[in-house]
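Novice: Sequence plus the predicted model coming up.
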Amino acid sequence: MGMNGVYVIDADGHIRERDEDLRPYLPEPYRSRDRQFYPNDNWDRSFGGKLGRMVFDLETRLKDMDQEQIDLAVLYPTSGLTIGSVREPEFAAALCAAYNSWLAEFCKQSPRLRGVALVPVNNVPAAVKEVERAGALGLVGVMLAAHGHGKNLGEPEFYPLYAACERLDLPVGVHAAQQNCEGLNRFTSFIGVHAVSHPFEQMVCATGMILGGIPELFPRLKIAYLEAGCGWVPYWMWRLDEEYEKRASEAPLLKAKPSEYMRSGRIFYSCDPDEEMIDYVMDRMGEDVIFYASDYPHWDALYPNSVKVLMENKSLGDARKKKIFDDNPRRFYTALA
């Protein structure tokens, strides 16, 4: 079981879906499209093939999980991270439906894999339908693209989506990529693009959702901000409180300071295995809302050592490590409890 007797749940791993995987699940006329389904920014993420793993099959994934000592992995998409940049609402809906059906079939091959549903942010009625379908497919959560769509995730447009997730007890994972993020056109190399994209977009999304009153309006909804590490969270919590002290009238739905929502136990944050500030963040945010995410098989994952690196973090006690690897992912993904 896991490492050092601790059951290890990877709360944000990834699957590599290809157009050829999704095509059989798409209706016409989309099935016959002869162009790439998802937009591509053409950055060399693998650094000339030196980084990451191009893993598509079940057998290799399970062997890699064994080597990493991961017991169970929750899977988010790879190409689908850019769903917010798919401009055609009906095509985006069809693509999400196809992905979710394919992912559910893939995960049925092993009890060690659980999937998260993809929904079209630019087509909320279709997104609600996918949320309602997700539970029947055995998927354990819902992913919202952090960017590409140009929308504030705290707007009333998204209330039906959040209401459906709350009603069905499906947590929402907000996830970024690098396409169409704010400010990225200022960089001419991927190092700057990647450094900025995830944390900045998570700050933007958290700001919109918290100041927009989403945790107040949907008190049983669980939200996670993923793949930006957790070090940004105490700083951003302080900054939102600072703004709220002076301009509370501009966030009329709030009944408490932003920090009280961010520390409510209903908003979660993934940590990077090699972050130095995890213990401090848990002191500030509470022990029950930080969880482990490998990012496998992407280029910046620490495979095969991500579990080992986090387990060897000397500033974290054994009780906190168990929460990060096991207890907290189960708190977020109700279906794993």
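Specialist: Looks like it came in fine.
Novice: So what does Ile267 look like in phi/psi?
Specialist: According to degrees, to the nearest 10, the main-chain angles of Ile267 amount to phi -120, psi 130.
Novice: going forward can the numbers begin at 8, since that is how I track them
Specialist: That works, and once the first residue is 8, the last one we named lands at Ile274.
Novice: What's opposite the residue nearest to it when sequence neighbours are not counted in the beta bridge?
Specialist: Distance criterion C-beta to C-beta, 6 or more residues apart in numbering; nearest residue to Ile274, sequence neighbours excluded, is Ile230 at 5.1 Å. Where you see a C-beta, it was placed from the backbone N, CA and C, and this is true even at glycine. The partner list for Ile230 in beta bridges (DSSP bridges) reads Val179, Ile274.
Novice: Now for Ile230, how many residues are close by?
Specialist: Counted with other C-beta atoms under 10 Å, the neighbours of Ile230 add up to 26.
Novice: Tell me how far it lies from Lys330.
Specialist: 18 Å (C-beta to C-beta, to the nearest Å).
Novice: Val128: neighbour count?
Specialist: 26.
Novice: Equivalent analysis for the one 3 residues further on, please.
Specialist: With neighbours defined by other C-beta under 10 Å, the count for Val131 comes to 19.
Novice: Pretty sure it sits against Pro163.
Specialist: No: between Val131 and Pro163 there is no contact under C-beta atoms under 8 Å: 10.2 Å.
Novice: show me where the stretch 108-257 of the chain has helices.
Specialist: Secondary structure of the stretch 108-257 of the chain (DSSP state H, counting those that start in this stretch): helices located at 131-144, 166-175, 197-218, 221-224, 239-254.
Novice: Minimum distance to Phe54: which of those has it?
Specialist: Of all the helices of the stretch 108-257 of the chain, helix 197-218 sits nearest to Phe54, with 8.4 Å by C-beta to C-beta.
Novice: helices or strands up against the closest one?
Specialist: Applying 3 or more C-beta pairs under 8 Å, 6 or more residues apart in numbering; DSSP states H and E, one finds that helix 197-218 makes contact with strand 179-182, strand 230-232, helix 239-254, helix 265-269.
Novice: any chance of those in JSON lines, plus distance to Val149 and mean pLDDT?
Specialist: Shown next, in JSON lines, are the helices and strands packed on helix 197-218 (distance: least, C-beta to C-beta, whole Å; pLDDT from 0 to 100):
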{"stretch": "strand 179-182", "distance to Val149": "5", "mean pLDDT": "97"}
{"stretch": "strand 230-232", "distance to Val149": "10", "mean pLDDT": "98"}
{"stretch": "helix 239-254", "distance to Val149": "21", "mean pLDDT": "98"}
{"stretch": "helix 265-269", "distance to Val149": "19", "mean pLDDT": "98"}
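Novice: Nearest to Leu120, out of those?
Specialist: Closest among those, using C-beta to C-beta: strand 179-182, at 15.9 Å.
Novice: residues contacting the residue nearest to Ile274?
Specialist: Pro178, Val179, Gly180, Val181, Met216, Ile221, Pro222, Arg273, Ile274, Phe275 (C-beta atoms under 8 Å, 6 or more residues apart in numbering).
Novice: let's see it at 7 Å
Specialist: Contact partners of Ile230, counting by C-beta atoms under 7 Å, 6 or more residues apart in numbering, are Val179, Val181, Met216, Ile274.
Novice: now do Gly9
Specialist: Residues counted as contacts of Gly9 (C-beta under 7 Å, 6+ apart) are Val15, Gln76, Asp78, Phe332.
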